[in-house]
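1. take a look and give me a structure for this.
(chains A and B)
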2 protein chains.
Amino acid sequence: MKIINDVKILIVGLGLIGGSYAQALTDLGYEVGAITRSQSSIDYAIEKGLIAHGTTEVSREYVQSFDIVVFALYPKVFVEWLEKYQGYFKPGALLTDVTGVKGAIVYQIQDMLRPDVEFVAAHPMAGREVYGVQNADKSIFRNANYIVTPTKKNTREAIEECKSLGKVLGFKTIAELSPEEHDEMIGFLSQLTHCIAVSLMTCKDSEHLVDYTGDSFRDLTRIAKINEDMWCELFLMNKKELLAQMDLFIDKFTELKSSIESSDTERIKSIMRTSTKRREFFDKK
Amino acid sequence: MKIINDVKILIVGLGLIGGSYAQALTDLGYEVGAITRSQSSIDYAIEKGLIAHGTTEVSREYVQSFDIVVFALYPKVFVEWLEKYQGYFKPGALLTDVTGVKGAIVYQIQDMLRPDVEFVAAHPMAGREVYGVQNADKSIFRNANYIVTPTKKNTREAIEECKSLGKVLGFKTIAELSPEEHDEMIGFLSQLTHCIAVSLMTCKDSEHLVDYTGDSFRDLTRIAKINEDMWCELFLMNKKELLAQMDLFIDKFTELKSSIESSDTERIKSIMRTSTKRREFFDKK
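-> Predicted structure coming up:
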């Protein structure tokens, strides 16, 4: 990244992820400011030393003082924000985001954006089941993956700048995917898994289940505690891909079910061997 | 439990669970012996102080020296063992097990068993994705649940003895269920979750997935690394219940899928709210 003293970074949206970005970047020596809806989040973040300053008002004077702007908003609010305030950016500013869907927003944003600023989309694959800047914790980036999703409109320089942002934040792996590859991958790895967890958790009343459960049900439903506004928006903005991944899962689940139904021992064991072998890639890393 | 000095405990099957039982009971001061197939497991367990003695040969002299016998075998091998060697038990011996299915074995065993010994079935809801006595670790029982599944043939005294075994092993919750309730519960909490994890893990080739994944996919597939011989046997011995639980899950998953398909925001959010509320019971405990 550019020399620390020269770079001022603005976080728009001071929740769990925005707050964790702020903490990591402030600790590295950057001057970090924030714009967010609630004054109490600003107050908390200043008190805890996550940001140097912040405001609930979007003003030209404040926005144009930053070289890098990170958007940590829900997708629709993010697009609306840009429509309203893109005139305020400093010429040459680099914009990036943390949004969990890409195809539905990246092209739209790049098409409408001023030609003298650049937006490189990114998705930090980190999170927790808790929300708000009060839970900000830069350690969630450690051992996590960071995906940059550039398009043909992006310059190599800005892409590299965005990737080095991921590096300094502490991510373990920095990957580059097209928005479409990202959406397929995330439809499978993240959205499908949330659909599975939610469906499993709603199968039965659970008050008594906790006395009988082992770790497997706990693990599979950790993410069933879910922010319904954010995830509903993410699901619907990636609907086509998510539905395709859900169908793929139903196929595989139904195949296993049929082999149990017909007591096809060899088929069941063969599926389990594939599963065991594929899971091993995750233990090596 | 009875006075420690008076009680000798035999573990039949020295794998992860049998070995962890042995460790916990030896550390409490009981004299613990073992019968298992491989001499190297016996040697390891003696060297590490998990057992006082052990053998790969099943002899009347050895078996009849024990007051409590814990079977930590696969279900079919367990039943075969009893058919062959039940004549060896000390009169009045208490038998228990760790088997993951109950209806398919408990009645059969109690029907064929000598009248002067008693079998109280139990299921410790603990495990790991690794196997063998080399991975034995009594700490897996801490915070875990222990389910006893008595029938009308059991005496209250033996049931309580078996429950207090769960207590001294260090389990957090000791519950009592009928074999049928157990099989429904475990079909849902444990077997269905393994089916989901295995199906999810077999959806796609995984070598490259690990660079993009967040924690959710990791959590949902931890148990996809699976012992195919044991789990295939458990699935087929609880087939009717497992298939019913798989159908229930498919119903809920399909319901969520339909509401995404029709962009029914209110329905999606309502499912997510139910899921969030039900998951909270697991965080309180």
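2. any idea of the pLDDT on residue A:206?
-> On pLDDT, residue A:206 comes in at 69.
3. same check on the one 4 residues further on?
-> With respect to pLDDT, residue A:210 scores 79.
4. just give me the neighbour total for the residue in the stretch 1-150 of chain A that chain B sits nearest to.
-> Closest residue of the stretch 1-150 of chain A to chain B, Cβ to the nearest Cβ: residue A:125 (4.0 Å). From N, CA and C alone the C-beta is placed, and that goes for glycine too. Applying other Cβ atoms under 10 Å in any protein chain shown, we find 25 residues neighbouring residue A:125.
5. check residue A:42 too.
-> Count around residue A:42 with other Cβ under 10 Å applied: 22.
6. which ones are touching it?
-> Applying Cβ atoms under 8 Å, 6 or more residues apart in numbering or on different chains to residue A:42 gives the contacts A:14, A:34, A:36, A:51, A:54, A:55, A:56.
7. and the closest residue to the first one other than its chain neighbours, what are its phi and psi?
-> By the measure of Cβ to Cβ, 6 or more residues apart in numbering or on different chains, the closest residue to residue A:14 outside its immediate chain neighbours is residue A:36, 3.8 Å from it. Note on residue A:36: its backbone torsions stand at phi -150, psi 170 [degrees, to the nearest 10].
8. in contact with residue A:36, which residues?
-> Contacts of residue A:36 by Cβ under 8 Å, 6+ apart are A:11, A:12, A:13, A:14, A:15, A:18, A:42, A:54, A:56, A:133.
9. and the third one, what does it touch?
-> By that I understand residue A:13. Residue A:13 neighbours (Cβ under 8 Å, 6+ apart): A:35, A:36, A:71, A:72, A:73, A:77, A:78.
10. again, but for residue A:155
-> residue A:118.
11. is the residue nearest to residue A:28 when sequence neighbours are not counted in a helix, a strand, or coil?
-> Spatially, and ignoring its direct neighbours in sequence, residue A:28 is nearest to residue A:168 (5.9 Å; Cβ to Cβ, 6+ apart). At residue A:168 the chain is in helix, as set by DSSP: H, G, I helix; E, B strand; the rest coil.
12. state the distance from residue A:232 to residue A:75.
-> To residue A:75, residue A:232 is 11 Å away according to Cβ to Cβ, to the nearest Å.
13. same deal with residue A:12?
-> Per Cβ to Cβ, residue A:12 is found 13 Å from residue A:75.
14. more neighbours: which of those two?
-> The residue with more neighbours, out of residue A:12 and residue A:75, is residue A:12; 24 against 21, by other Cβ under 10 Å.
15. how about the more buried one, phi and psi?
-> Dihedral angles of residue A:12 (phi, psi; degrees, to the nearest 10) stand at phi -100, psi 110.
16. with residue A:54 instead?
-> phi -170, psi 170.
17. who does it form a beta bridge with?
-> residue A:34 (DSSP bridges).
18. quick check, pLDDT for it.
-> pLDDT at residue A:54 comes out at 98.
19. that one touches residue A:31, doesn't it?
-> No - between residue A:54 and residue A:31 there is no contact under Cβ atoms under 8 Å: 11.7 Å.
20. more crowded one of those two?
-> Higher neighbour count among residue A:54 and residue A:31: residue A:54, with 22 against 19, using other Cβ under 10 Å.
21. so how far is residue A:35 from the more buried one?
-> On the measure of Cβ to Cβ, residue A:54 and residue A:35 end up 7 Å apart.
22. format the contacts of residue A:36 as a markdown table; extra columns: secondary structure and distance to residue A:201.
-> Below are these laid out as a markdown table (DSSP: H, G, I helix; E, B strand; the rest coil; distance: Cβ to Cβ, whole Å):
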| residue | secondary structure | distance to residue A:201 |
| --- | --- | --- |
| A:11 | strand | 32 |
| A:12 | strand | 33 |
| A:13 | coil | 28 |
| A:14 | coil | 29 |
| A:15 | coil | 23 |
| A:18 | helix | 28 |
| A:42 | helix | 35 |
| A:54 | strand | 36 |
| A:56 | coil | 36 |
| A:133 | helix | 27 |
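23. the contacts of residue A:42: which two are farthest apart?
-> A:51 and A:56 (12.9 Å; Cβ to Cβ).
24. the two: which has the busier surroundings?
-> residue A:51 (28 against 13).
25. OK, contacts around the more buried one?
-> A:11, A:14, A:22, A:26, A:32, A:33, A:34, A:42, A:45.
26. surely it is in a strand?
-> No - read with three-state DSSP, residue A:51 is coil and lies in no strand.
27. ok so, going back, and the contacts of residue A:13, which of them are buried?
-> For the contacts of residue A:13, a burial check counting by 16 or more other Cβ atoms under 10 Å in any protein chain shown picks out A:35, A:36, A:71, A:72, A:73, A:78.
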